[in-house]
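Enquirer: Sequence first, predicted coordinates after that:
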Amino acid sequence: MSKGLFITLEGGEGVGKSTQLKLLQAALLSAGVDVVTTREPGGSPGAEELRQVLLFGKHPLSLRAEILTHFAARYDHVDQVITPALEAGKVVVCDRFTDSTLAYQGYGRAEGNLDVLRLISRLQEQLGRDPDMTFLLEAPRDVARLRLAARGAPVDRYELSDEGFHARVLAGFQEIARQDTGRVRRISTDGLSPEAVNAMIVKDIRARLQ
Ligand SMILES: Nc1ncnc2c1ncn2[C@@H]1O[C@H](COP(=O)(O)OP(=O)(O)OP(=O)(O)O)[C@@H](O)[C@H]1O
Ligand SMILES: Cc1cn([C@H]2C[C@H](O)[C@@H](COP(=O)(O)O)O2)c(=O)[nH]c1=O
């Protein structure tokens with residue numbers, strides 16, 4: 001059994017997950033909490049190699065192959081990084097996890113096709129690792145796009161997808177939050193400073209750690 005706490009940050013591109021990951025790491029470290037921050041796809045050396053294929057590979061994978069590759073990366077990340085840290089009693093904060101596969105592949109690419117949602121759910125069950133707390137960060141897509149343009153990072157395969165895809169992804173995240181209100185807290189980052197968003201997240205985590 002794990003002794004630590006597993007927290008995930010979820011949401012579409014540009015909503016502020018990486019920013020919150022860094023702020024949360026600093027806040028938890030200064031409170032004396034032993035914290036590990038990580039991300040998906042990636043987070044272990046092998047999974048980071050798979051990230052390159054998924055985000056920047058020359059040849060798009062079929063949907064089933066894409067889902068299995070996200071989960072191959074995730075199994076390695078869980079086995080080599082997340083589970084050992086939790087078993088050592090640490091707090092693990094991960095930028096994206098299985099909710100992203102449901103939102104992007106299940107609702108975005110497969111448009112909610114039941115067979116695909118079932119495949120993802122089976123892979124998730126076998127993984128044997130679910131987050132204890134998830135913060136779903138939200139911002140209107142036009143706000144997020146302006147932030148991404150200002151940030152100027154390399155544009156990956158998913159970010160290049162059409163706006164219909166992104167709308168389905170955001171609706172997918174909302175559906176996930178509706179189905180799991182005990183785990184998922186929705187936070188709108190529009191019009192809030194990164195520090196204000198961080199204060200809301202830290203307050204929830206402190207309450208959970210007490
Ligand atoms: N609350 C906020 N208000 C305004 N700008 C923000 C806020 N949070 C983050 N930003 C800025 O928006 C840009 C995108 O933020 P960030 O990289 O954290 O998003 P992300 O959700 O991790 O995106 P991606 O999934 O594409 O990696 C950055 O330039 C960041 O400085
Ligand atoms: C875990 C996971 C991620 N994705 C997509 C979502 C994003 O477009 C990229 C990751 O880029 P980021 O800058 O690190 O946010 O990958 C996905 O489609 N499915 C997943 O399971």
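Expert: Arrived safely, thanks for sending. Here the structure is a predicted model, which is why all the values come from computation and not from measurement. Residues are numbered from 1 along each chain as shown. Ligands and ions are numbered 1, 2, ... in the order given.

Enquirer: Run through the helices of the protein in chain order.
Expert: Under the criterion DSSP state H, the chain contains helices at 17-30, 45-56, 63-77, 83-87, 98-100, 114-127, 141-151, 163-179, 194-209.

Enquirer: What lies in contact with the fifth one?
Expert: If I follow you right, that is helix 98-100. Among residues not part of helix 98-100, those counted as contacts by Cβ atoms under 8 Å, 6 or more residues apart in numbering are 8, 10, 40, 70, 74, 120, 124, 127, 130, 134, 136, 173, 176, 184. (C-beta placed from N, C-alpha, C; glycine too.)

Enquirer: switch the cut-off to 10 Å
Expert: By Cβ atoms under 10 Å, 6 or more residues apart in numbering, the residues outside helix 98-100 that reach it are 8-12, 17, 40-41, 70-71, 74, 78, 106, 108, 120-121, 123-124, 127, 129-131, 134, 136, 158, 169, 172-173, 176-177, 180, 183-184.

Enquirer: and it, does that touch ligand 1?
Expert: No: residues of helix 98-100 contacting ligand 1 under Cβ under 6 Å from any ligand atom: none, with a closest distance of 9.2 Å.

Enquirer: Just list whatever residues bridge to the residue lying closest to residue 186 once chain neighbours are set aside.
Expert: Distances taken as Cβ to Cβ, 6 or more residues apart in numbering place residue 136 nearest to residue 186, at 4.8 Å, with adjacent residues excluded. Using DSSP bridges, the beta-bridge partners of residue 136 come out as residue 10, residue 186.

Enquirer: Could you list the contact residues of this structure toward ligand 2?
Expert: 13, 39-41, 55, 70, 96, 100-101, 104-105, 156, 158-159.

Enquirer: So which of the residues you listed is the closest to ligand 1?
Expert: Using Cβ to the nearest ligand atom, residue 13 is the member of the residues of the chain next to ligand 2 that sits closest to ligand 1, with 3.4 Å.
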